[in-house]
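Novice: Can you look at this prediction? I've put the sequence above it.
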Amino acid sequence: MIDTNTKNNNFNKILFVDDEAMFLELIKEVFFDEGIKIFTACDGQTALKFIEKNGIDILVTDIKMPEFNGFDLAAQAKVISPCSKIIFVTGFDNLIEQNKKYLREAGYHILKKPFPIEQIVTLVRKLSV
């Protein structure tokens, strides 16, 4: 299920993908309070269907998810929306360390969970210009 908050704004189409429902609820609340409309999906397949139908400007995705990981989702999102910006979030240090150089060289952003919530808001604002 794709979910969105309802405030209007001038930001890009932003999709958050994470298999942790509590994380998505927190993110929706924070961005709603900031006046930024976001879409959320709880798995990679649902997110990919949304991207195919609507396109995206910013994808924020967990790396480690069942059945469809964030790396695969980002790769397919870039094919559909080549100009989209990607932010990976993960709680797994080894995934960051193993891929940090490649991800940064490719222009992707990485945040390690848990991170200060204002950090994700600031990064999304920065990428939305």
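Specialist: Right, received. Where do you want to start?
Novice: make it CA atoms for all contacts and neighbour counts henceforth
Specialist: OK.
Novice: shaky segments in the chain?
Specialist: Within the chain, the stretches with pLDDT under 70 are 1-11, 95-96, 99.
Novice: Pick out the residue closest to the middle of the protein.
Specialist: residue 60 (0.9 Å; Cα atoms, centre = their mean).
Novice: now residue 85: how far from residue 66?
Specialist: 23 Å (Cα to Cα, to the nearest Å).
Novice: what about the two, which has more around it?
Specialist: residue 85 (21 against 10; other Cα atoms under 10 Å).
Novice: For residue 71, which residues are in contact?
Specialist: residue 63 (Cα atoms under 8 Å, 6 or more residues apart in numbering).
Novice: Next, count neighbours for the closest residue to residue 110 other than its chain neighbours.
Specialist: The shortest distance from residue 110 to any non-neighbouring residue, by Cα to Cα, 6 or more residues apart in numbering, is to residue 88 (4.8 Å). By the criterion of other Cα under 10 Å, residue 88 has 22 neighbours.
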